[in-house]
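Participant: Sequence plus the predicted model coming up.
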Amino acid sequence: MSAAEAAPGEAVAPGAAAPPVLSRSRPFLGHLLELRRHPIELFWRVRRECGELGEMNFAGNRIVLLSGESAQEAFLRAPDEQLDQAAAYPFMTPIFGKGVVFDASPEQRRQAMKNQSLRDKMMRGHARVIAAETERMMAGFGQSGEIDLLDFMSELTLYTSSACLIGQGFRESLGPEYYRVFYELEKGTDALAYVNPNLPIRAFRTRNRARRRLVELLTALFEERERSVAPQQRELFDVLLSLRDEDGRPRYSIDVVTGMFISLMFAGHHTTSGTAAWTLIELLKHPSHLERAVHELDLLYADGRDVSHQALREIPSLESAIKEALRLHPPLILLMRKVMRDFHYGGFRVAAGKLVGVSPAVSNRMPECFPEPDRYDPARYDEGRGEDRQLFAWIPFGAGRHRCVGAAFAMMQLKAIFSELLRRYEFSLAQPEASYRNDHSKMVVQLAQPCRIRYRRRGPAAH
């Protein structure tokens, strides 16, 4: 069997060559500075110069980037025993904490994936909760004004995600400081973590200070809830903190529970806030698509129905607008795995111990899969085109065995938010179009600030 015929990631004939190495590697740092400054341009350079596989050097950490639908399928289908996700992210431990997410055992990670809040039965109630939280945030808008879109969406999605994934009582205890602490925590994802996640630099000091503050806030919150919340009203974290081992000691420390909270909010809040902001920005840049989405919502809700799980299934124009924002601005620009046993693809061998990666930012704009890849075109998802059905090319949520388990929740959350916002307010850009851009200085990508927009209440007929 030839390399091209071999099953994705399986062994081929001995003597396979190592992948080509990207040029212009600097002493000691390799391509790390390029990653910090222009990561997406770096990944495209690998594709142009090396082809489907190309090796980068991040301060001694060798990572082989795979691009192209077939190579990405090999990456995304590979079993954990060969390409391990957790082993690729040790630099995230200072953010999540020890014993949580990537620092947890495989069995603990599998259990964490079974969040009951993401099941279809629970999702039916989440739509109403998200709509109510959006109305609550809009209550302070007044007739007109101006907001920083990232601040607004980050605070809103913190409340919606915590209410749905943890519990309404827990959400009521949160305030704007939690969003600000999260913002500081995200600064700790500087690419220098590849060298050492504990270097004495400002970004990591800010990260550590934010995590300590989050532990303080949650400790006070849970102590208050233990005093005031009846047993029958306990929510996810209350229950976890009450569990004891066979010796009567707490099974989960406040530090571990803080890590669980951070992981849930990273999954349910961070990525959704950026996508929500980009969806509105792209719609404002393309008024005909905005008009189509608003008209669709006005027709759907003209009979006075509430935002519900069923209603959210009936807004294809808005869904396509969100998908296209996700394609152009994926929340994660690099997915990584550690090679646990030699990985073969296309006649090349990636040795155990190295890292392999796929870039959604590259994949989602591959011209062979997405004609005019830089153009915002929600019609890509119309019947007959269905470009999101290219399961190993359209990958804002990843694909294969590690596809984001919260993808359906994220889409539902975004549609519920815009069902409220676009029916009640008109929006306009408050800055030059080119000033809305992503900040790629951190591995966790977010919109650069300021990213301000103006709003004005629509007339009574819009309600």
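Facilitator: Nice, thanks for sending it over.

Participant: Please name the nearest non-neighbouring residue to Ile417.
Facilitator: Among residues not flanking Ile417 along the chain, Thr134 sits closest, at 5.2 Å (CB to CB, 6 or more residues apart in numbering). Yep, even glycine has a C-beta here, placed from its N, CA and C like the rest.

Participant: Tell me the first helix or strand C-terminal of the helix or strand containing Arg292.
Facilitator: Here Arg292 sits within helix 287-300, counting by DSSP states H and E. For helix 287-300, the following helix or strand on the C-terminal side (DSSP H and E) is helix 316-328.

Participant: Now do the buried residues in that next one.
Facilitator: 317-328 (16 or more other CB atoms under 10 Å).

Participant: Then stretch 169-181?
Facilitator: Result for stretch 169-181 [16+ other CB under 10 Å]: buried residues 170-171, 173-174, 178-179, 181.

Participant: Give me the lowest-pLDDT entry from these.
Facilitator: The member of those with the lowest pLDDT is Tyr179, at 87.

Participant: Quick test: name the residue nearest the centre of the chain.
Facilitator: With the centre of the chain defined as its mean C-alpha position, the nearest residue by CA atoms, centre = their mean is Thr271, 3.3 Å away.

Participant: Could you give the number of residues near Phe405?
Facilitator: Just to correct that, residue 405 is Val rather than Phe. 15 (other CB atoms under 10 Å).

Participant: three-state assignment of it?
Facilitator: With DSSP: H, G, I helix; E, B strand; the rest coil as the basis, Val405 sits in coil.

Participant: got the buried residues of helix 316-328 as CSV, with distance to Ser263 and pLDDT columns?
Facilitator: Shown next, in CSV, are these (distance: CB to CB, whole Å; pLDDT from 0 to 100):
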residue, distance to Ser263, pLDDT
Ser317, 33, 97
Leu318, 29, 97
Glu319, 27, 97
Ser320, 30, 98
Ala321, 29, 98
Ile322, 24, 98
Lys323, 25, 98
Glu324, 28, 98
Ala325, 24, 98
Leu326, 21, 97
Arg327, 25, 98
Leu328, 26, 98
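
Participant: can you list those in CSV and add distance to Pro450?
Facilitator: Formatted as CSV, the buried residues of helix 316-328 follow (distance: CB to CB, whole Å):
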residue, distance to Pro450
Ser317, 29
Leu318, 26
Glu319, 29
Ser320, 28
Ala321, 23
Ile322, 23
Lys323, 27
Glu324, 24
Ala325, 19
Leu326, 23
Arg327, 25
Leu328, 21
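
Participant: Considering those residues, which is situated nearest to Gly99?
Facilitator: The shortest approach to Gly99 among the buried residues of helix 316-328 belongs to Leu326, at 31.6 Å (CB to CB).

Participant: where's that closest one relative to Val239, distance?
Facilitator: 34 Å (CB to CB, to the nearest Å).

Participant: Also Glu420?
Facilitator: Shown here: Glu420 relative to Val239, a distance of 31 Å by CB to CB.

Participant: out of those two, which sits in the busier spot?
Facilitator: Between Glu420 and Val239, counted using other CB under 10 Å, Glu420 has the larger neighbour count: 21 against 12.

Participant: Return the residues in contact with the more buried one.
Facilitator: 131, 134-135, 138, 307 (CB atoms under 8 Å, 6 or more residues apart in numbering).

Participant: same deal with Glu69?
Facilitator: 363, 366, 368-369, 390, 392-393.

Participant: Turn those into a markdown table, columns for neighbour count and distance to Asn198.
Facilitator: Formatted as a markdown table, these follow (neighbours: other CB atoms under 10 Å; distance: CB to CB, whole Å):
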| residue | neighbour count | distance to Asn198 |
| --- | --- | --- |
| Ser363 | 28 | 32 |
| Met366 | 17 | 37 |
| Glu368 | 10 | 42 |
| Cys369 | 16 | 40 |
| Gln390 | 17 | 40 |
| Phe392 | 21 | 36 |
| Ala393 | 23 | 37 |
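
Participant: so after the lowest-mean-pLDDT helix or strand in the chain, what's the next helix or strand?
Facilitator: Lowest by mean pLDDT, DSSP states H and E among the helices and strands of the chain is helix 106-112, with a mean of 51. Per DSSP H and E, helix 106-112 leads on to helix 120-138 as the next helix or strand towards the C-terminus.

Participant: From Arg403, how far off is Glu186?
Facilitator: To Arg403, Glu186 is 23 Å away according to CB to CB.

Participant: How about His126?
Facilitator: From His126 to Arg403 the distance is 20 Å (CB to CB).

Participant: Pick out whichever of those two has more residues nearby.
Facilitator: Remark: of His126 and Arg403, His126 carries more neighbours, 22 against 13, as counted by other CB under 10 Å.

Participant: Contacts only, for the more buried one.
Facilitator: 117, 164, 309, 409, 412-413, 416.

Participant: low pLDDT regions in the stretch 51-200 of the chain?
Facilitator: Along the stretch 51-200 of the chain, the parts satisfying pLDDT under 70 run over 101-122.

Participant: which residue ranges form the strands in it?
Facilitator: Listed in chain order, the strands of the stretch 51-200 of the chain (DSSP state E, counting those that start in this stretch) span residues 53-58, 61-66, 83-84, 144-148.

Participant: Pull out the buried residues from the contacts of Glu420.
Facilitator: By 16+ other CB under 10 Å, the contacts of Glu420 give 131, 134, 138, 307 as buried.

Participant: Which secondary structure state is assigned to Ala277?
Facilitator: Using three-state DSSP, the structure places Ala277 in helix.

Participant: Pull the number of nearby residues for it.
Facilitator: Residues contacting Ala277 under the criterion other CB under 10 Å number 25.

Participant: And for Phe204, nearest residue in space, chain neighbours not counted?
Facilitator: Gly188 is the one closest to Phe204 (CB to CB, 6+ apart), at 5.7 Å.

Participant: What about the one you found, how many residues nearby?
Facilitator: Neighbourhood size, Gly188 [other CB under 10 Å]: 25.

Participant: Show me what the longest helix anywhere in the chain is packed up against.
Facilitator: For the chain, the helix with the greatest residue count under DSSP state H is helix 202-228. Using 3 or more CB pairs under 8 Å, 6 or more residues apart in numbering; DSSP states H and E, the elements in contact with helix 202-228 are helix 93-96, helix 168-172, helix 176-186, helix 236-242, helix 254-265.
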